[in-house]
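**Student:** Starting from these lines, generate the structure:
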Amino acid sequence: MERYILAYFRAPEEAEGVSRKLQALRVEEVSIDRFSRFGGSGLQSGVNPVTGNLASMDSMTAVSEHTGILSASHTSGSGMSHGGDGGPTGRNILLTVIVDSAIYDQALSLIEEAGGMI
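**Tutor:** Alright, predicted model coming up:
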């Protein structure tokens, strides 16, 4: 039987570190994504050893034209602005894990020890 875990981290490096430990447990699936106020998967920035990518919105150009429009029209899209009200801060890195029920508790412990919020 499969169980699912969604955990939030402050930095991609934290999530990547725990994902390597989870791989040693032989989890079925691991995914690391960054989310933003505008939605969409955004551009690829950096390489995740587990999934091969890490989605982000670090640029005004985005994969979805709608997210590009939203980010370009925001005050943070201007080089003349300090960004104003800010976006998701804190835990905007999402680690999604699919595990066998037999190792579910062990996987939870690893994630919590690494600073993940479940």
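
**Student:** Identify all contacting residues around stretch 93-101.
**Tutor:** By CB atoms under 8 Å, 6 or more residues apart in numbering, the residues outside stretch 93-101 that reach it are 1-12, 14-15, 18-19, 22, 25, 27-35, 107, 111, 116. The way it works is simple: take the backbone N, C-alpha and C, and place the C-beta from them, glycine included.

**Student:** redo that, cut-off 6 Å
**Tutor:** For stretch 93-101, the surrounding residues in contact (CB atoms under 6 Å, 6 or more residues apart in numbering) are 1-7, 9, 12, 15, 27-34, 107.

**Student:** which of those count as buried?
**Tutor:** Among the contacts of stretch 93-101, those classed as buried by 16 or more other CB atoms under 10 Å are 3, 5, 7, 9, 12, 15, 27, 30-34, 107.

**Student:** quick one: average confidence on the longest helix along the chain?
**Tutor:** Of all segments of type helix in the chain, defined using DSSP state H, the longest is helix 12-24. Helix 12-24 comes out with an average pLDDT of 95.

**Student:** Going by contacts, tell me the helices and strands next to it.
**Tutor:** strand 29-34, strand 93-100, helix 104-113 (3 or more CB pairs under 6 Å, 6 or more residues apart in numbering; DSSP states H and E).

**Student:** What residues of it count as buried?
**Tutor:** Buried residues in helix 12-24, counted by 16+ other CB under 10 Å: Pro12, Glu14, Ala15, Glu16, Val18, Ser19, Leu22.

**Student:** Grab the nearest non-local neighbour of Glu28.
**Tutor:** Excluding its sequence neighbours, the residue lying closest to Glu28 (CB to CB, 6 or more residues apart in numbering) is Ile98, at 4.4 Å.

**Student:** That neighbour - how many residues pack around it?
**Tutor:** By the measure other CB atoms under 10 Å, the count of residues near Ile98 is 14.

**Student:** repeat for Ala102
**Tutor:** 10.

**Student:** is it true that it lies in a helix?
**Tutor:** Yes - assessed with DSSP: H, G, I helix; E, B strand; the rest coil, Ala102 lies in a helix.

**Student:** Can you find the helix or strand of the protein with the lowest average pLDDT?
**Tutor:** When the helices and strands of the chain are scored by mean pLDDT, DSSP states H and E, strand 43-44 comes last with a mean of 36.
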